[in-house]
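In: Would you be able to build a 3D model of this:
(one chain, ligands or ions: 2)
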Amino acid sequence: MSSNKTVYIAIASDILHRGHLNIIETGAALGEVTIGLLTDEGIATYKRPPIIDYETRRELLASMRQVSHVVPQDSLSYAQNLRELKPDYVVHGDNWRTGIQKAARAEVMSILAEYGGELVEVPYTVGVSGAEVDAKLRPLINTTEMRRARLKQLLRLKPWVRAMETSNGLSGLIVEHAKYEDPATMAVHEYDAMWVSSLCDSAFKGKPDIELVDFSSRMQTINDIMEVSTKPIIVDGDTGGRIEHFVYTVRTLERVGVSMVIIEDKTGLKQNSLFGTDAVQVLDDPDQFAAKINAGKRAQTTRDFMIVARCESLIAGAGMEDALSRAKTYLSAGADGIMIHSREKDGEEIKEFLGRFRAGFPDVPIVVVPTSYNHILEADLAKMGANIIIHANHLLRSAYPAMVDTADKILRYGRSLEVDDQIMSIKEVLKIIPE
Ligand code: SPV
Ligand code: MG
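Out: Numbering: from 1, shown residues only. Ligands and ions are numbered 1, 2, ... in the order given. Next up, the predicted model:
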């Protein structure tokens, strides 16, 4: 070992494999190795959060004889650590020339050039990669317990949790795999969680959103989604029904691995909130609803399941003071968080609620559904105080017009040739369902 040289190696995985050992051994032969260990938050910016937490991973790596130091790295970008440590070498596997790490590689090379450091790339170890290890781990990380717990973990690790409507197995696959790689921030945008909407579950069955689709049928939808996906599930529990029924619902949902149920403080024949005051929206008595939340919390048997109280005061025209006072009542009854709903387009009342509520409750998870105030960026809602942002119905709303258009065109032309360029080929259909 040429002892006065320094080497920097970034590691994100929680499972060390032969490929990592090759890289660490290469580094140790060049000089004194510092591992830049990605923090749990850093990993969550671009892939599933680790199973093994930062502190344990740090201890494991620090105990290796080839490793001299372990320092935290907060994101895929090496910039901060490289500028501080100015290592003579950065060692990495050569498989980062494509994908989201390509931008990190370019940044590393330009910083090394600033002070004369060198990049050493170790040939990819055939048959061993993080992605392959991850595929093997899938059955393990998709147990009921781990899936249920994942939402709380994400709330801890991410600045906000992004959920998307998921109404059947097919949309489960879409939400599971949708991905946008942002080279500017080196972050990968994914949906963190799945929202099983009562509006969309009902609409896909051709039914109105009035709690007509019964719980057994809702459970079938949830099971269809769970079978083909791994992301945490948030269930729209409508009003939760009668207290005596809700306690059973809670246990059923937690048993199958759902992470959160959200129930709303309405009573009588439930109408979709986006009708607002155009439909009769009857708010439940706050103490009555608080008792339902409390019964649900007492019925819960696992640690990680969450029951969120959805406050409909703004939807029903009862005003801001009513919303704030109800939210406090529901929290005292044991609610794990508050969903505040609004159908105002400008988003001002949501902003006011978040500001005023946050002042008294800095740590309570708040859920928002920006369907009408959708000009506001997720990041700005998060800055205002939102923790979970639900895009509640957008897959249904994009699928329906496309299907109506195709159905109409085939009638108009008397054949299907004219729709060929707007629909998938059968070959593509066969490919969307994984083996
Ligand atoms: C749903 O998606 O069913 C909801 C949200 O409850 S909303 O439709 O906006 O009321
Ligand atoms: Mg609903």
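
In: Quick check: residue 364 is in a strand.
Out: No: according to DSSP: H, G, I helix; E, B strand; the rest coil, residue 364 belongs to no strand; its state is coil.

In: just checking, it touches residue 338?
Out: Yes: Residue 364 lies in contact with residue 338 (Cβ atoms under 8 Å); the separation is 6.4 Å. The C-beta positions use only the backbone N, C-alpha and C, and glycine is treated the same way.

In: Around ligand 2, pick out the residues from the stretch 101-250 of the chain.
Out: For the stretch 101-250 of the chain, the residues in contact with ligand 2 (Cβ under 5 Å from the ion) are 198, 199, 236.

In: contacting residues around the first one?
Out: The contact partners of residue 198, by Cβ atoms under 8 Å, 6 or more residues apart in numbering, come to 209, 211, 213, 218, 236, 238.

In: If we ignore the residues flanking it in sequence, what's nearest it?
Out: residue 236 (4.6 Å; Cβ to Cβ, 6 or more residues apart in numbering).

In: can you count the residues close to that neighbour?
Out: Around residue 236 there are 23 other residues, counting by other Cβ atoms under 10 Å.

In: swap in residue 132?
Out: Residue 132: 12 neighbours (other Cβ under 10 Å).

In: In three-state terms, label it for me.
Out: Per three-state DSSP, residue 132 ends up helix.

In: What of residue 151?
Out: For residue 151, the assignment made with three-state DSSP gives helix.

In: shouldn't it be in contact with residue 234?
Out: Yes: shown here, residue 151 and residue 234 form a contact pair, counting by Cβ under 8 Å, at 7.2 Å.

In: residue in this structure nearest to ligand 2?
Out: residue 198 (3.4 Å; Cβ to the ion).

In: Distance-wise, check residue 252 relative to residue 168.
Out: Distance, residue 252 to residue 168, using Cβ to Cβ, to the nearest Å: 19 Å.

In: And for residue 337?
Out: Residue 337 is 26 Å from residue 168, by Cβ to Cβ.

In: which helix in this structure runs the most residues?
Out: helix 394-413 (DSSP state H).

In: Can you name every helix or strand that that helix contacts?
Out: Applying 3 or more Cβ pairs under 8 Å, 6 or more residues apart in numbering; DSSP states H and E, one finds that helix 394-413 contacts strand 161-165, helix 169-177, helix 198-204.

In: Mean pLDDT and distance to residue 26 for these - can I get that in CSV?
Out: Putting the helices and strands packed on helix 394-413 into CSV (pLDDT from 0 to 100; distance: least, Cβ to Cβ, whole Å) gives the following:
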stretch, mean pLDDT, distance to residue 26
strand 161-165, 98, 38
helix 169-177, 96, 34
helix 198-204, 97, 51
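
In: before we move on, back to that, what would the contacts of residue 198 look like in a markdown table with distance to ligand 1, secondary structure and pLDDT?
Out: Putting the contacts of residue 198 into a markdown table (distance: Cβ to the nearest ligand atom, whole Å; DSSP: H, G, I helix; E, B strand; the rest coil; pLDDT from 0 to 100) gives the following:
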| residue | distance to ligand 1 | secondary structure | pLDDT |
| --- | --- | --- | --- |
| 209 | 6 | coil | 95 |
| 211 | 11 | coil | 93 |
| 213 | 11 | coil | 95 |
| 218 | 11 | helix | 98 |
| 236 | 5 | strand | 98 |
| 238 | 7 | coil | 97 |
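
In: Which of those residues sits closest to residue 58?
Out: Within the contacts of residue 198, proximity to residue 58 (Cβ to Cβ) peaks at residue 236, which comes in at 39.7 Å.

In: Touching, the closest one and residue 195? I think so.
Out: Yes: under the criterion of Cβ under 8 Å, residue 236 makes contact with residue 195 at 6.7 Å.

In: Can you give me the domain boundaries for this structure?
Out: 6-131, 142-392, 398-432 (automatic domain parsing).

In: How far away from the center of its chain is the last one?
Out: Going back to what we said before, that points to domain 398-432. 31 Å (Cα atoms, centre = their mean, to the nearest Å).

In: buried residues in it?
Out: 399, 409, 419 (16 or more other Cβ atoms under 10 Å).

In: Report the rounded mean pLDDT for stretch 366-379.
Out: On average, the pLDDT along stretch 366-379 is 98.

In: no no, stretch 52-63
Out: Across stretch 52-63, the average pLDDT comes to 95.

In: now swap in stretch 424-435 and tell me
Out: Stretch 424-435 comes out at a mean pLDDT of 87.

In: so how far is residue 165 from residue 365?
Out: On the measure of Cβ to Cβ, residue 365 and residue 165 end up 19 Å apart.

In: Those two - which one has more neighbours?
Out: Shown here are residue 365 and residue 165; by other Cβ under 10 Å, residue 165 has more neighbours (23 against 20).

In: Tell me the bridge partners for the more buried one.
Out: residue 195 (DSSP bridges).

In: Then residue 36?
Out: Here residue 36, judged by DSSP bridges, has bridge partners residue 10, residue 71.
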